[in-house]
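In: Provided below for reference: sequence and predicted model.
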Amino acid sequence: MHFVYILFSKIKDKYLIGSAPEVVAAVEAQNSKGFGGQRGDWNLVYQEKFGDGAGAVRRNQVLKYKQSKKSIESLINNIPWHNHLK
């Protein structure tokens, strides 16, 4: 099982798109990366599940190609369960 995910940082006011076999580990890894001693505040706001890594990588590339804040927020806001992740 692989996932495509979108994280959001309130401090940076930025989205991060990625793919990984384990979403929780990916979020923890991103939050453990600090710049100048500052740890991240990345939160999961969107995820899609795929049966294999190749499908997740393809979807990841599509989302990154369209990576405008407006298109990402449109995707997130058009899913019925997004409020459970905020």
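Out: Ah, there it is.
In: now do the residue nearest to K64 when sequence neighbours are not counted, the pLDDT please.
Out: Using CB to CB, 6 or more residues apart in numbering and skipping the chain neighbours, the partner closest in space to K64 is I17 (5.3 Å). The way it works is simple: take the backbone N, C-alpha and C, and place the C-beta from them, glycine included. pLDDT recorded at I17 is 91.
In: so which elements touch the lengthiest helix in the chain?
Out: Ranked by residue count under DSSP state H, the longest helix found in the chain is helix 53-65. Counting contacts by 3 or more CB pairs under 8 Å, 6 or more residues apart in numbering; DSSP states H and E, helix 53-65 is packed against strand 2-9, strand 14-20, strand 42-50.
In: mind listing what the nearest residue to K14 once chain neighbours are set aside touches?
Out: Closest residue to K14 apart from its sequence neighbours, by CB to CB, 6+ apart: F8 at 7.4 Å. Applying CB atoms under 8 Å, 6 or more residues apart in numbering to F8 gives the contacts 14-16, 42-43, 45.
In: distance check, F8 against A25.
Out: Distance from F8 to A25, counting by CB to CB, to the nearest Å: 18 Å.
In: just give the closest residue to N31, not the sequence neighbours.
Out: Closest to N31 by CB to CB, 6+ apart is G40, at 4.3 Å.
In: and the one you found, how far from E48?
Out: 22 Å.
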